[in-house]
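> Turn this into a structure:
(one chain, ligands or ions: 2)
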Amino acid sequence: MRHDVQVQLMKQLLAHLDAGTTVDAGGLRRMKTSTYTDLDLAEREMAEFFLDTPQCVGMSGDLAEPGAFLTINDLTIPILATRDTDGTFKAFVNSCRHRGAIVESEERGTKRRFTCPFHSWSYDAGGTLVGLPKSDHFGEVDTDCLGLRSLPAEERHGLLFVHPNPDGEIDLDELLGEWFNEEFPTWNFGSLIPINHDAYDTACNWKLAMDTFGETYHFSSLHKDTLLNSFHGNVQCYDDDGHNHRMILCRRDIDEMRSMPEEEWDITVAGLPVYWLFPNVIIMPFRAGCFLVRAYPTSGDPGRHVSRIDFYMKPELAEASGPEADEINDFIASIAQNFAEIIRDEDYVMGASQQTAANAGALEHIVFGRNEPALHHYHATYAAKLGHDVEPLLDPADLHQRF
Ligand code: FES
Ligand SMILES: [Fe+2]
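Numbering: from 1, shown residues only. Ligands and ions are numbered 1, 2, ... in the order given. Now for the predicted structure:
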């Protein structure tokens, strides 16, 4: 992030802190609880937001060397993403061209050949069929025509994107928008080293998982014994750009800025940037690295989803030695556990509780506050993309009635 933008955002946070204010969505907005339970809606979301939209599947460091691969099984189509021998990022339908078996079943790793377990047809990292046992018995085939089916794949700003539809198009100018395309290079995501990953399979709709990252109003209640020790609750910056947005959460260390010259102010000391990338991605760069969160609906069950969390560190940390290295190793060892204790064990417990009530039809609507603008934005974004009416802000005249 450009330093002048960092300073401007930190000044906004300090002004909010000093005045006891926060961002303002301009009003309250109702949301139908059926958005979390409706099976038809869930099927449209899967078809349009996931199978017909380019998906971020990781960062460049996840495919650090030729032959490195990831498999993605969160969409209804199995995907194999690879780093080809020439360094190109590639993606394929992970289904053998012989009789369709899943070729690669490991989640990640590095291989020279991907060999189908059924009859051992094998493919290289570029998807070319390079081995067909007993080919004289099998019969003549043109191996050039039997490579793995390619999927559109593009790497930009250190992020890996795949389109799950072989005929789909990736337009990252449109998906990322002008603002993120300008700002993302400043974070050097491409240099980050993966250090851990985790998955939370939770009985709540994928949007409830996204919701929990969309406001800090809950910090002083739900996270009073955890996050609140290092963050201020109910103070944040918020800006949107088309279907994406960015929040800045406020760390307690922001007070250090008050006595420092502005040239030394650092947004990763004073806050936590939270980039929300349509439809299901949250990117949070912090001082030592970055969190990448992706929420995937469970096909056929609107009340369930899987969140995938990837943890990355800056390359300079890998070069540390002595006591500093010990400290970094402790940090690496604890990062997934610390994140899980807050997100999985606090936030997602609330998500499951909200889902239980929504499944029961306990309430027809819930309500988003003025201090929760990100929730207004992405629910309005989802609705607009599906051609649904976007709930307007509640009329002040209605605020004194039960809604
Ligand atoms: S299905 Fe893969 S080798 Fe036969
Ligand atoms: Fe939270």
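> what about the helices in the stretch 1-150 of the chain?
Here the stretch 1-150 of the chain has its helices, by DSSP state H, counting those that start in this stretch, at 3-19, 39-45, 135-138.
> any bit of the shortest one sitting next to ligand 1?
No. Where contact is defined by CB under 6 Å from any ligand atom, no part of helix 135-138 touches ligand 1; the two come within 9.7 Å at best. From N, CA and C alone the C-beta is placed, and that goes for glycine too.
> Next, the buried residues of that helix.
Buried positions in helix 135-138, judged by neighbour count with 16 or more other CB atoms under 10 Å: none.
> sorry, back to before: got a markdown table for the helices of the stretch 1-150 of the chain, with mean pLDDT too?
Shown next, in a markdown table, are these (pLDDT from 0 to 100):
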| stretch | mean pLDDT |
| --- | --- |
| helix 3-19 | 97 |
| helix 39-45 | 97 |
| helix 135-138 | 94 |
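> Between the ones you listed, which one is closest to Ala362.
Distance to Ala362, taken as CB to CB, is lowest for helix 39-45 among those, at 18.3 Å.
> buried residues in that closest one?
41-42, 45.
> between the helices of the stretch 1-150 of the chain, which gets nearest to Pro261?
When the helices of the stretch 1-150 of the chain are compared by CB to CB, helix 3-19 sits nearest Pro261, at 10.7 Å.
> The closest one packs against which elements?
strand 231-241, strand 244-251, helix 267-270, strand 271-277 (3 or more CB pairs under 8 Å, 6 or more residues apart in numbering; DSSP states H and E).
> quick one: average confidence on the second one?
In other words, strand 244-251. Strand 244-251 shows a mean pLDDT of 97.
> for that strand, packing partners?
Using 3+ CB pairs under 8 Å, 6+ apart: strand 244-251 touches helix 3-19, helix 172-183, strand 231-241, helix 267-270, strand 271-277, helix 373-385.
> Quick one: residues in contact with it.
9, 12-13, 16-17, 176-177, 179-180, 183, 214, 216, 230-232, 235-240, 267, 269-278, 374, 377-378 (CB atoms under 8 Å, 6 or more residues apart in numbering).
> related to what we said a few turns ago, any idea which of the helices of the stretch 1-150 of the chain gets closest to Tyr348?
Comparing the helices of the stretch 1-150 of the chain against Tyr348 with CB to CB, the closest turns out to be helix 39-45 (18.2 Å).
> Not counting the closest one itself, show me its contacts.
When contacts are defined by CB under 8 Å, 6+ apart, helix 39-45 is touched by residues 34-35, 205-206, 279, 297, 300-302, 382, 386.
> Strands of the stretch 51-200 of the chain, residue ranges please.
55-59, 68-72, 79-83, 89-93, 108-110, 113-115, 122-124, 129-131, 150-151, 153-156, 159-162, 193-202 (DSSP state E, counting those that start in this stretch).
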